[in-house]
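Q: kindly generate the corresponding structure for this input.
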Amino acid sequence: MTRQQLKDLRWSPERAAEYVRELGVIRGCNYVPAYCYSYIEMWQNYQEKTIERELQYAKKLGLNSFRIFMAPCQWQTRKEETYRNLDKFLTMASSMGFSIMMTLQPNRCVLPGTEGKLENPFIIHFRPGVHDGGWTYENMCDLHGGTPLWNELRDTVYDFTYDIVSRYKDDSRIAIWDLYNEAAADAGEIVECVFEAARNVNPRQPLTACWQAWDLSDVGSFHCYMKPGSGNVYDLNGLTFEQEVSRMVELGRPILCTEFLARTFGNELANVLPIYAEKHIGWYLWGLCAGAAQYQYPWGWPEGSPEPKRWFHCLLYPDGTPFDDSEVPLIQNFQYLD
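A: The predicted model follows:
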């Protein structure tokens, strides 16, 4: 399909608004269990009792939705195990009253020729004090549109997207499809590929993806880790907090901020949530429990350095104790302003 054809297949703003209204006010969290080095490990080292305990922590906090991740590398190497564990998670989360945003990372494929030969799509390589510093991409490629590697793997990305969306297209446990996590400027061809696959399935859930897919999405979504009013821009999209929010509001569609909370940048619940309440923006902050992925350390933190006094991401210690007690009522009492 051409991009214009994909635009024409978007839900109407009215249909999208009615759907999101029925979901209620989303107070969500990007979820990777504390014992996992990455979102990939979650599905191949699924520890049900630990995950259940962490979901109970989230329920107590007042969260009601999770954003979780899946990539082609998992589907290529351990497909049935991945789906089996995903089903366990979806059933557990649904039974506890959580909705799910299923987020795809289509640019993470295993290297051509290694399909069926790898036990794990990633390699653990722990670096203390490094944000997301527990693993390497050695067995994977980071796809970019317009390259020979993309041309070689396009069918894989299409088939992965079509397969997972088909499997859950009528499943009420999944509320929204986020088809590409952080689609940057060079991702246009990949974005169009995954949207074409999903539109060909025609799921009951709306589609979204931030940045390079704003014109293809049923529901607007964005990431922003900058401090409101600072004038600082997020280096992946070149926009300030206010510019990003304004661009989303102009779409005339429901809006979700699918990543935020960077305390050391000044992006805090206390200064962001009032804006989201005013603009009727649902949200998914980054990080429930601090753990193996070391999301509490800022980007670029020197390896081996002590943990920062003010965490970057994450709400809780692994035992469920809040990092900052003052944040709990901000979550629990969040509602849209009239």
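Q: make it CA atoms for all contacts and neighbour counts henceforth
A: Will do.
Q: residue 83 versus residue 72, what's the distance?
A: Distance of residue 72 to residue 83, given as C-alpha to C-alpha, to the nearest Å: 12 Å.
Q: quick one: low-confidence ranges for the stretch 151-300 of the chain?
A: For the stretch 151-300 of the chain, the stretches flagged by pLDDT under 70 are 235.
Q: and the helices in it?
A: Remark: helices assigned in the stretch 151-300 of the chain by DSSP state H, counting those that start in this stretch are 188-201, 241-250, 269-279.
Q: now the stretch 1-150 of the chain
A: Under DSSP H, counting those that start in this stretch, the stretch 1-150 of the chain gives helices at 3-8, 13-23, 39-44, 48-61, 72-95, 148-167.
Q: distance of the nearest residue to residue 146 once chain neighbours are set aside from residue 14?
A: Nearest residue to residue 146 in three dimensions, chain neighbours excluded: residue 189, at 7.2 Å (C-alpha to C-alpha, 6 or more residues apart in numbering). Residue 189 is 28 Å from residue 14, where distance means C-alpha to C-alpha.
Q: more crowded one of the two?
A: Set residue 189 next to residue 14 and count neighbours by other C-alpha atoms under 10 Å: residue 189 wins out with 16 against 11.
Q: ok, now how distant is the more buried one from residue 180?
A: Separation of residue 189 from residue 180 (C-alpha to C-alpha): 12 Å.
Q: then residue 51?
A: Here residue 51 is placed at a distance of 25 Å from residue 180 (C-alpha to C-alpha).
Q: between these two, which one's more packed in?
A: Comparing residue 51 with residue 180 by neighbour count (other C-alpha under 10 Å), the higher total belongs to residue 180, at 26 against 20.
Q: which residues touch the more buried one?
A: Residue 180 makes contact with 103-106, 191, 194, 209-210, according to C-alpha atoms under 8 Å, 6 or more residues apart in numbering.
Q: can you add neighbour count and give those residues back as a markdown table?
A: Formatted as a markdown table, the contacts of residue 180 follow (neighbours: other C-alpha atoms under 10 Å):
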| residue | neighbour count |
| --- | --- |
| 103 | 21 |
| 104 | 23 |
| 105 | 19 |
| 106 | 26 |
| 191 | 23 |
| 194 | 22 |
| 209 | 27 |
| 210 | 25 |
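Q: tally up the residues packed near the closest residue to residue 262 other than its chain neighbours, please.
A: Leaving aside its chain neighbours, residue 262 sits nearest to residue 312 (4.8 Å; criterion: C-alpha to C-alpha, 6+ apart). Neighbour count of residue 312, defined by other C-alpha under 10 Å: 25.
Q: quick check: which element contains residue 312?
A: If you go by DSSP states H and E, residue 312 is not part of any helix or strand.
Q: in this structure it contacts residue 297, no?
A: Yes. Using C-alpha atoms under 8 Å, residue 312 is in contact with residue 297, at 5.6 Å.
Q: which residues touch residue 153?
A: Contacts of residue 153 by C-alpha under 8 Å, 6+ apart are residue 112.
Q: could you measure from it over to residue 51?
A: Taking C-alpha to C-alpha, one finds residue 153 at 33 Å from residue 51.
Q: okay, the spatially closest residue to residue 130 that is not a sequence neighbour: pLDDT?
A: Computed as C-alpha to C-alpha, 6+ apart, the closest residue to residue 130 that is not its neighbour in sequence is residue 303, at 5.5 Å. Residue 303 is assigned 93 on the pLDDT scale.
Q: okay, now residue 197: neighbour count?
A: Residues lying near residue 197 (other C-alpha under 10 Å) number 21.
Q: could you do the one 4 residues further on as well?
A: For residue 201, the tally of surrounding residues (other C-alpha under 10 Å) stands at 17.
Q: shouldn't it be in contact with residue 166?
A: Yes. Using C-alpha under 8 Å, residue 201 is in contact with residue 166, at 5.9 Å.
Q: outside of stretch 78-89, which residues touch it?
A: Contact partners of stretch 78-89, identified using C-alpha under 8 Å, 6+ apart, comprise 43-44, 46, 74-75, 119.
Q: give the buried residues for it.
A: Buried residues in stretch 78-89, defined by neighbour count with 16 or more other C-alpha atoms under 10 Å: 78, 81-83, 85-86, 89.
Q: can I get these in a markdown table with pLDDT and distance to residue 223?
A: Listed next are these as a markdown table, based on pLDDT from 0 to 100; distance: C-alpha to C-alpha, whole Å:
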| residue | pLDDT | distance to residue 223 |
| --- | --- | --- |
| 78 | 88 | 30 |
| 81 | 93 | 30 |
| 82 | 94 | 27 |
| 83 | 97 | 27 |
| 85 | 97 | 27 |
| 86 | 98 | 25 |
| 89 | 98 | 25 |
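Q: buried ones in stretch 163-172?
A: Result for stretch 163-172 [16+ other C-alpha under 10 Å]: buried residues 163-166, 168-169.
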